[in-house]
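Chemist: sequence and computational prediction follow.
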2 protein chains.
Amino acid sequence: MAFPCVDALENRSATLSQARSRSGPEPSYTSGATESFHCRDPLLLDWGGILPEFTVAYETWGKLNSDKSNAILLHTGLSASSHAHSTEANPQPGWWEKFIGPGAPLDTDKYHVICTNVIGGCHGSTGPSSTDPGNGERYATRFPVVTLQDMVRAQFRLLHQLGVEKLHASVGSSMGGMQSLAAGVMFPSRVRRVVSVSGCARSHPYSIAMRHTQRQVLMMDPNWNRGFYYDGGVPPHAGMKLAREIATVTYRSGPEWEQRFGRRRADPAKPPALCPDFLVETYLDHAGEKWCLNHDPNSLLYVSKAMDLFDLGRENQLATLSRRSAREQDLASASSASSTTAAAAAAAAASAGCGLTLPQTPYEEQPDPQVDEPQPDPTVEASSRPPEDLVQGLAALRDTPTLVMGVASDILLPARQQREIAEALRLAGNRGVTHVELSEEMSLFGHDTFLLDLKHIGGNIKMFLD
Amino acid sequence: MAFPCVDALENRSATLSQARSRSGPEPSYTSGATESFHCRDPLLLDWGGILPEFTVAYETWGKLNSDKSNAILLHTGLSASSHAHSTEANPQPGWWEKFIGPGAPLDTDKYHVICTNVIGGCHGSTGPSSTDPGNGERYATRFPVVTLQDMVRAQFRLLHQLGVEKLHASVGSSMGGMQSLAAGVMFPSRVRRVVSVSGCARSHPYSIAMRHTQRQVLMMDPNWNRGFYYDGGVPPHAGMKLAREIATVTYRSGPEWEQRFGRRRADPAKPPALCPDFLVETYLDHAGEKWCLNHDPNSLLYVSKAMDLFDLGRENQLATLSRRSAREQDLASASSASSTTAAAAAAAAASAGCGLTLPQTPYEEQPDPQVDEPQPDPTVEASSRPPEDLVQGLAALRDTPTLVMGVASDILLPARQQREIAEALRLAGNRGVTHVELSEEMSLFGHDTFLLDLKHIGGNIKMFLD
């Protein structure tokens, strides 16, 4: 039996090995020109790590008005760059090309749209493939754990630099929909309205499980080498390819594939094979091929992990705040003991010179205890009402008009998770919640709907923003 | 950063490598005593391969009555052995322990229950890890492609040997639910009733995609070695572990994991890690660990592929029949040219001495053409009505009472696929279709419900059989 899919992986390893030994370090993953904001003030991260300095790659569309009140911060999905729309410097179509422009949902006749590559990413912002200023080497898996809130913190440093003190809106889909909520929770006074599409307020175990398998398949590739494949090594292209294939299974829906691929085989004249054989398999194979060398494997691991860690519940917010405070105190005392050590630069994170910091205490509101009311059946409670911890965690958004959208055919971030956001916001006292759920009749495109459905996704965003 | 999950894989490879070099060939995957039927007459397979002889491992419970009319053939899921229930020879609990026994859904006071390991499997029946009688070596990936129908064909050879000419019922869940339908379609006069739980009448692209990723991760493991890891090689335990983890993601449901694991971390005192960290990840890791050395990797590939190839549509049945006829003619002419060659034994497949064979032409029934009726909207047609090809393909079951069960929380073989079976059977003229769908309120256990829900799954089977 022939195994062309295995042959292909082995051949690529051999080719890459030869190419690397001839030409030295691999190229950057950045695919086009962007603006770049370099912040020399350290960024203290939620889990205690520090970036002594960092870069945020970004792009903008539309004009910032004179009072700087028309800015929209657009958050990306897991793997996207800041290139949401074509620019003069990079005329390639962006990942939300039709959603941005004159008269489009993000209307550049009215708004100044800003999109960044996230911290931890590989498209121009500081991430695992960046050079650690401390030793001049690539971070690799010495890069610190980051959270979606850390990414938002870095974005708000950029906004400060641009003179944008208050956003017209924070907008995002998928991971961006999670960040968009986080931005509103972290900086309620600086975000006028929030749009969160196909996101969640806390990562659920099923999504964690799906991402777990992607990380594991990547880490299982011997070429991953515990993250040290830069500078001449062969990158874990086989693991990346397969991780992307697994991810792709979660991006659409069964009924959509039923219509598109059915049971058609790629070449019905050939006998069945263990390598890609049915049309849907060649589609997955192709999706993996397109991606396997165009994204930094370590970035995938770190950003995927950041998604798992996402939880806007109050308990997690308080635990994070307590961890950050303790870390800041450590750094401050280290700094007073020796102002010339590396800790000194790190300690400056406590004051975070070039940007905004979180308030010392988060927004807190204790609902009235309702002990006199009959206790509901805990089983019913669990399935129909968001946990009180989440309701309290979203209280900071009480006065922020919020559009929450979900798609019934989404497998990765199912519609019940967006219903949970909307319900938790309402229970937190928010009277400006708009919740839209696209039925299976409206979209079979599952999680990917936000990239494709200009009419329903775009139309509702436009109505909400204008 | 530490990577204990990667260390563990490397350590196991090293340990296995040492153990194999000391002790020679690996142990058999068979875990307990079974009955064994060895058929010396060749089995011609749907895709043209031939097993010159083969073994079917099986176990039975309850007594066969004097007129041999009370036998139930129980089909297994993808990876299960014939050990559905404990026996005297093997007292370990079986995979359906509570569903079989006196007064149980498969009532051994009334019925004689027979369960086999499938052809292509690794628990005693002939599969890729068996020795090829042609050369005395393990088949490995020289094993021919098999279909679920081939597995059923081998099972009916066993039934013939046991003197069972007509089954009281064919029963199965998951892959077994697919085989159970196939048995009824292939041998309508020998199967009195059919039970198909969480199965389908044709594999859908989403299920193919899920299995594709499992096969790919296994084939990507360098230790797989294109299937030749027997006799001293280290088996692809890392690929098997991860394939099982991916499979496990599809066996339950998001809401069930929400209740069971939530967002709990395995050790909240530790900082986040890229290796298993959340409780749901350690659960997946454990599921993979338990399995990675207890199942033959090549068997997983072949049986998984057989599921992809499954299609009871009429077109596929006709194409298979035509392929088989052509192959039988080839073999017959080769046989007449040289009766002493290996082809001679193969040619005997045409007459299939020790068992039953398919009729020369399948059950055919042409529905009345309805050209005068208005044509429905093809879009609506695609989503709500089974394809005519499938209706015709199931026509052989028209007079067979059939119980079709599905579970709303099933991701792997979603409830719409069982609705498709029931609807296609009804359109084919079957008036004895019982269709039961368990709502999310009844079960959140997804695809695994058939293993767990004695009340609803077991209860409905009992009512239908008795």
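Modeler: Perfect, thanks for sending it.
Chemist: need the outlier residue of chain A, farthest from its centre.
Modeler: Farthest-out residue of chain A from its mean C-alpha position, per C-alpha atoms, centre = their mean: residue A:269, at 43.0 Å.
Chemist: need phi/psi at that residue.
Modeler: Backbone torsions of residue A:269, given as degrees, to the nearest 10, read phi -80, psi -20.
Chemist: relative to residue B:319, how far out is it?
Modeler: With the distance defined as C-beta to C-beta, to the nearest Å, residue A:269 ends up 12 Å from residue B:319. Bear in mind the C-beta positions are built from the backbone N, C-alpha and C, glycine included.
Chemist: all helices for the stretch 351-466 of chain A, in order.
Modeler: Taking DSSP state H, counting those that start in this stretch to define them, one finds helices in the stretch 351-466 of chain A at A:378-384, A:388-393, A:415-427, A:449-452, A:459-465.
Chemist: could you tell me the least trusted of those?
Modeler: Within the helices of the stretch 351-466 of chain A, confidence is poorest for helix A:378-384, with a mean of 48 (mean pLDDT).
Chemist: pLDDT on the helix or strand harbouring residue A:287, on average?
Modeler: Assessed by DSSP states H and E, residue A:287 sits inside helix A:279-291. Across helix A:279-291, pLDDT averages out at 94.
Chemist: residue boundaries of the helices in the stretch 151-300 of chain A?
Modeler: A:175-186, A:205-220, A:237-249, A:254-260, A:279-291, A:297-308.
Chemist: a markdown table for those helices, including distance to residue B:277 and mean neighbour count?
Modeler: As requested, the helices of the stretch 151-300 of chain A are arranged in a markdown table below (distance: least, C-beta to C-beta, whole Å; neighbours: other C-beta atoms under 10 Å in any protein chain shown):
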| stretch | distance to residue B:277 | mean neighbour count |
| --- | --- | --- |
| helix A:175-186 | 18 | 28 |
| helix A:205-220 | 9 | 25 |
| helix A:237-249 | 17 | 26 |
| helix A:254-260 | 30 | 19 |
| helix A:279-291 | 25 | 20 |
| helix A:297-308 | 8 | 24 |
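Chemist: could I get these as a markdown table with distance to chain B?
Modeler: Below are the helices of the stretch 151-300 of chain A laid out as a markdown table (distance: least, C-beta to the nearest C-beta, whole Å):
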| stretch | distance to chain B |
| --- | --- |
| helix A:175-186 | 14 |
| helix A:205-220 | 4 |
| helix A:237-249 | 5 |
| helix A:254-260 | 4 |
| helix A:279-291 | 4 |
| helix A:297-308 | 5 |
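Chemist: can you lay out those as CSV showing distance to residue B:458?
Modeler: Formatted as CSV, the helices of the stretch 151-300 of chain A follow (distance: least, C-beta to C-beta, whole Å):
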stretch, distance to residue B:458
helix A:175-186, 42
helix A:205-220, 27
helix A:237-249, 32
helix A:254-260, 28
helix A:279-291, 34
helix A:297-308, 37
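Chemist: which one of the ones you listed lies closest to residue B:418?
Modeler: Within the helices of the stretch 151-300 of chain A, the stretch nearest residue B:418 is helix A:254-260; the backing value is 13.6 Å (C-beta to C-beta).
Chemist: how about the CA coordinates for that closest one, as CSV?
Modeler: What follows is helix A:254-260 as a C-alpha-only set of coordinates in CSV (Å, rounded to 0.1, in the frame of the first residue of the first chain):
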residue,chain,number,x,y,z
GLY,A,254,-21.6,18.8,9.5
PRO,A,255,-24.6,19.9,7.4
GLU,A,256,-22.5,22.3,5.5
TRP,A,257,-20.0,19.6,4.6
GLU,A,258,-22.8,17.3,3.7
GLN,A,259,-23.9,19.8,1.1
ARG,A,260,-20.3,20.7,-0.1
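Chemist: all good on my end, thank you.
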